[in-house]
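Q: Structure of the sequence below:
(one chain, ligands or ions: 1)
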Amino acid sequence: MTENKKTLYHALTPFLFLLAPENAHQLTLKALRWTPPSLLNLFFQKKTSSALEVCLWDRRFPNPVGLAAGFDKNAESINSLFSLGFGFVEAGTVTIKPQSGNPTPRIFRCPEQKAVINRMGFPNGGVALFKSNLEKFLSRKPRAKGVLGINIGMNKDQTEPAKDYTSLIRTLAPMADYLTINISSPNTPGLRNLQEKGPLTELLTAVLEERKKSCGSNPPPLLVKLAPDLNDQQLEEIASVVMTLKIDGVILTNTTLERPEYLPQDFANEKGGLSGAPLTQKSTAIIRKFYQLTNGQIPIIGVGGISNAQEAYDKIRAGASLVQVYSALVYEGPGLANRINKELAELLKKDGFKSLEQAIGADNPPQNKETGDHHAEQAKSA
Ligand SMILES: Cc1cc2nc3c(=O)[nH]c(=O)nc-3n(C[C@H](O)[C@H](O)[C@H](O)COP(=O)(O)O)c2cc1C
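A: Coordinates of the predicted model:
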């Protein structure tokens with residue numbers, strides 16, 4: 001049921017793939033921006049089953065399929081992206097100062113393996129542009145249905161990371177439905193070291209303090225986005241820091257530095273983070289481990305190689321409350337969120353779940369039932 005059906009997009013890919021990946025991406029963003037929302041809604045906006053709704057952090061996600069960070073770095077096409085049927089959109093990664101990122105070419109496709117390698121290095125127009133684009137989106141009436149995440153990172157030349165993250169929180173937190181601290185991109189030197197216990201504790205403490213100052217009694221949930229290349233000890237330490245500091249959630253995972261043997265050599269030789277199909281199992285395994293380590297108490301957004309409903313469902317059953325996609329959009333096209341949602345509702349029904357929330361962690365029940373499962377806690381207090 002979840003095998004990918006051929007669509008008009010599949011027929012067009014040989015032509016689209018004549019363009020360099022980054023040019024195709026820019027063209028897509030422009031086309032989305034210039035297409036009237038009513039037209040996009042007509043083609044893509046489908047009513048999703050109410051069984052797919054997820055209530056988390058006092059936010060209502062109309063469906064669990066989100067667009068991952070990196071697609072709309074400057075928050076310029078958010079409204080149109082919601083029109084494609086996503087339940088949430090994560091804009092960014094944004095940095096304080098504009099930066100051009102690494103030299104091009106810096107995105108590489110491998111259609112045979114449905115994979116992508118990127119070494120973008122956070123190219124973006126900086127926080128001032130991002131904020132002004134966000135203001136335009138937020139002033140739209142009515143605002144598109146769905147939850148807006150903002151993903152923040154540090155500039156390449158910053159030697160004191162907390163300065164950038166706290167400053168970004170000061171400016172952007174009041175506008176976000178949730179905030180993501182990105183410390184897992186492999187393309188900013190030193191960034192992934194912030195996942196080590198000491199630096200992580202220091203950074204998150206500073207960031208939580210700033211959120212409290214900037215947002216008072218109504219702060220947006222704060223999430224941390226992690227790499228898939230963490231060993232068991234690192235993962236245990238991170239789980240313990242996240243629980244101790246009461247971080248609201250984690251995003252698992254960013255791209256991997258691993259290169260499976262079956263990848264064509266010239267593609268595998270490109271430096272950067274690998275995403276798409278080769279990441280599917282690896283990111284699900286990390287979700288499974290983290291869900292156990294935190295007894296299901298820390299909500300997880302699962303991302304990495306999802307291209308169909310079954311792959312999304314596997315991550316949910318391993319412990320993810322929500323999922324995101326990026327690379328599969330390149331290979332499956334703009335109807336992807338709708339297809340996943342439609343088939344996910346069928347998978348839930350087939351397994352006898354009345355709501356998606358019941359399926360979270362179904363394959364991976366927390367071993368410590370006393371403290372487990374944040375959704376059960378929420379249901380009890382509702
Ligand atoms: C071209 C490209 C750019 C990306 N840029 C970012 C980024 O700016 N910030 C971020 O947190 N993740 C970024 N990512 C990672 C994705 O958000 C996602 O975590 C990863 O690609 C795994 O999901 P996928 O296999 O569905 O692509 C990027 C991925 C790609 C392919």
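Q: what ranges do the strands span in the stretch 51-200 of the chain?
A: 54-56, 59-61, 65-67, 88-94, 107-110, 115-118, 147-152, 178-182 (DSSP state E, counting those that start in this stretch).
Q: Figure out which of those is closest to Tyr313.
A: Tyr313 lies closest to strand 65-67 among these, at 11.2 Å (CB to CB). C-beta coordinates here come from the backbone N, C-alpha and C atoms, glycine included.
Q: And the closest one, what does it pack against?
A: Packing contacts for strand 65-67, counted by 3 or more CB pairs under 8 Å, 6 or more residues apart in numbering; DSSP states H and E, involve strand 88-94, strand 322-325, helix 336-350.
Q: pLDDT score for the residue most central in space within the chain?
A: Most central in the chain under CA atoms, centre = their mean is Ala68, positioned 3.3 Å from the mean C-alpha point. pLDDT, Ala68: 98.
Q: Quick one: the strands of the stretch 51-200 of the chain as JSON lines, columns for distance to the ligand and mean neighbour count too.
A: JSON lines is the format used below for the strands of the stretch 51-200 of the chain (distance: least, CB to the nearest ligand atom, whole Å; neighbours: other CB atoms under 10 Å):
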{"stretch": "strand 54-56", "distance to the ligand": "19", "mean neighbour count": "20"}
{"stretch": "strand 59-61", "distance to the ligand": "17", "mean neighbour count": "17"}
{"stretch": "strand 65-67", "distance to the ligand": "9", "mean neighbour count": "26"}
{"stretch": "strand 88-94", "distance to the ligand": "4", "mean neighbour count": "28"}
{"stretch": "strand 107-110", "distance to the ligand": "5", "mean neighbour count": "20"}
{"stretch": "strand 115-118", "distance to the ligand": "4", "mean neighbour count": "26"}
{"stretch": "strand 147-152", "distance to the ligand": "5", "mean neighbour count": "25"}
{"stretch": "strand 178-182", "distance to the ligand": "4", "mean neighbour count": "26"}
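Q: just checking, the residue nearest to the centre of the chain touches Val325?
A: Yes. Counting by CB atoms under 8 Å, Val325 is a contact partner of Ala68 at 6.3 Å.
Q: can you list residues touching both of the two?
A: Residues touching both Ala68 and Val325 (CB atoms under 8 Å, 6 or more residues apart in numbering): Val303.
Q: of all the residues in the stretch 101-250 of the chain, which ones are close to the ligand?
A: Ile107, Val116, Asn118, Met120, Phe122, Asn151, Asn182, Ser185, Lys225 (CB under 6 Å from any ligand atom).
Q: what sits against the fourth one?
A: Looking back up the chat, that one is Met120. Gly70, Gly101, Asn102, Arg106, Ile107, Asn187, Gly272.
Q: which residue does this structure bring closest to the ligand?
A: Proximity to the ligand, evaluated over the chain using CB to the nearest ligand atom, is greatest for Gly70 at 2.1 Å.
Q: which ones are touching that residue?
A: Applying CB under 8 Å, 6+ apart, the residues near Gly70 are Gly92, Thr93, Asn118, Met120, Asn151, Tyr326.
Q: next one: Phe353
A: Ala51, Ala359, Ala362.
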